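>>> sharing a model prediction with you, sequence too.
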Amino acid sequence: MSDQYSVHALRYARSVGKRSSYFYGHHLSGQPDSEQHVDWSFWLLKSGNKTVLVDCGYDTDRAARKGRYVGTNPLALLSRMGVAAGEVDHVVISHAHYDHVGNIGLFPNAEFTLARTEFDWITGPYANRFPTCWVVEEEERTMIQNFARDGRFHFVDTRTEVLPGIEAWTIGGHTPGQMLVEISATSGKVVLASDAAHFAEEYETDRPFAMFHNLEDMFAGYEQIRNLNGRKGTVVIPGHDPRVSQTFAEVEKDCFDLTAVIAHPVEHDNLEGAAR
């Protein structure tokens, strides 16, 4: 029997932008532009003596150069959940963009999992071309390469059991090695879509995100996510959707239990302090 995990979304920042910045071809849709609220999170999985992260958020200084600001330091969020950086055993990196790998240097005892196609992409001959060099900075690429040389990286080629109760596989689309992560949780199966679907609207309406490596792979990914979301006992968690904080119980400030649905979800309109 697989291990069962508690699964929490830890929200370290919020922002508000324009829908035209987040959805591909918005200007062709005939819809007026409007605000798009965005949550920035990573995910904490715990089972017995295992502590696992899926992604780890962006680095404060490097993100600030992009106009992204940290609302709560990721280590402070982990502390609220009773976890210290040295207790993290494993970090699954859904893909190598700055807001998912920026803090990998904070976890001295962790090993890492990444899709091999993602590693090949960020270390390939065109990694220094824009916009790849904007979403994967040289410092982050170097950390990944150094940790890989030290034997701290495990690479996913096909669907892989990362640890008992945690599986990951490549879905592509957003990046060449974008992965889904499926967790055996105390409530059933939780699938972390990360940026395979930033917002539920993407797979609900086939509305593609603005940044992608392969558009056809992205649409195929949405089909796969819809099938998973329709599977009994499975919940899919989009990577940046504020609906998550409106749907699941907040057990500590900005820490949401993805196995505990709120009986009567409410809109959270107060974005005081959110970056714009």
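Happy to help now that I have it.

>>> what's the pLDDT at A274?
What the model reports as pLDDT for A274 is 32.

>>> contacting residues for the residue lying closest to P108 once chain neighbours are set aside?
Among residues not flanking P108 along the chain, G86 sits closest, at 5.9 Å (CB to CB, 6 or more residues apart in numbering). Any C-beta I mention is one placed from the backbone N, CA and C, and that applies to glycine too. Shown in contact with G86 (CB atoms under 8 Å, 6 or more residues apart in numbering): 107-109.

>>> nearest spatial neighbour of the most centrally placed residue in the chain, chain-adjacent residues omitted?
By CA atoms, centre = their mean, the mean C-alpha position of the chain lies nearest to S194, the distance being 3.4 Å. Leaving aside its chain neighbours, S194 sits nearest to S94 (3.6 Å; criterion: CB to CB, 6+ apart).

>>> where does the host helix or strand of S245 sit relative to the chain's centre, distance-wise?
Assigned by DSSP states H and E, S245 belongs to helix 243-247. In this view, helix 243-247 has its centroid 15 Å away from the chain centroid, taken as CA atoms, centre = their mean, to the nearest Å.

>>> do stretch 147-160 as well
Relative to its chain's centre, stretch 147-160 lies at 18 Å (CA atoms, centre = their mean).

>>> and for stretch 56-73?
How far stretch 56-73 lies from its chain's middle: 15 Å, per CA atoms, centre = their mean.

>>> list the buried residues for it?
In terms of neighbour count (16 or more other CB atoms under 10 Å), stretch 56-73 has its buried residues at 56-59, 63, 68-72.

>>> where along this protein do the helices fall?
For the chain, helices defined by DSSP state H occupy the ranges 19-22, 60-64, 74-80, 98-101, 116-122, 132-135, 138-149, 200-205, 215-229, 243-247.

>>> quickly compare the ones you listed and say which is most buried.
When you average the neighbours per residue for each of those (mean count of other CB atoms under 10 Å), helix 98-101 leads with a mean of 25.

>>> which residues does that one contact?
So helix 98-101 is contacted by 40, 42, 55-59, 62-63, 66, 68, 93-94, 135-137, 140, 143-144, 194-195 (CB under 8 Å, 6+ apart).
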